[in-house]
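Asks: Kindly return the folded structure for what I paste below:
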Amino acid sequence: MFETIRSILASQLDIDEDQITRETDIIDDLGADSLDLAELMTMLEEEYGFVVTEEEVHNLRTVGDVEAYVAEHAPEA
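Replies: A predicted model of the protein is given here:
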């Protein structure tokens with residue numbers, strides 16, 4: 001799952017996957033904005049079959065936060 005998240009972020013933000021770890025802050029370290037984070041979650045919703053609310057998205061800061069959220073909420077993870 002981490003590899004999927006990392007791959008999506010790297011492609012979406014046009015950066016090298018090696019820059020992304022579980023501790024990477026998506027906004028502060030990668031320069032993503034709230035729209036980028038929403039797009040990431042939409043792609044993960046489609047990949048893993050779950051729904052995330054806009055409020056919950058704002059609580060996800062690091063790649064590890066996203067991974068933990070998906071693991072907890074996705075039936076196919």
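
Asks: Apart from its chain neighbours, what residue comes closest to Ala74?
Replies: Nearest in space to Ala74, with sequence neighbours left out and distances taken as CB to CB, 6 or more residues apart in numbering, is Tyr48 at 3.5 Å. No exception for glycine: its C-beta is placed from N, CA and C like everyone else's.

Asks: Please read the previous query as pertaining to Leu60.
Replies: With CB to CB, 6+ apart, the residue lying closest to Leu60 is Val66, at 5.1 Å.

Asks: Give me the distance from the helix or strand the one you found falls within to the chain's centre.
Replies: Here Val66, judged by DSSP states H and E, is contained in helix 63-73. Put simply, helix 63-73 sits 8 Å off its chain's centre (CA atoms, centre = their mean, to the nearest Å).

Asks: Which of the helices and strands in this structure ranks last by mean pLDDT?
Replies: Least confident helix or strand of the chain, by mean pLDDT, DSSP states H and E, is helix 54-57 with a mean of 86.

Asks: hmm, who's touching it?
Replies: 34, 37-38, 41, 69 (CB atoms under 8 Å, 6 or more residues apart in numbering).

Asks: Please convert those residues to a markdown table, extending it with secondary structure and distance to Ile15.
Replies: Shown next, in a markdown table, are the contacts of helix 54-57 (DSSP: H, G, I helix; E, B strand; the rest coil; distance: CB to CB, whole Å):
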| residue | secondary structure | distance to Ile15 |
| --- | --- | --- |
| Ser34 | helix | 18 |
| Leu37 | helix | 15 |
| Ala38 | helix | 18 |
| Met41 | helix | 18 |
| Tyr69 | helix | 21 |
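
Asks: Filter those residues down to the buried ones.
Replies: With neighbours counted by 16 or more other CB atoms under 10 Å, those contain buried members at 37, 41, 69.
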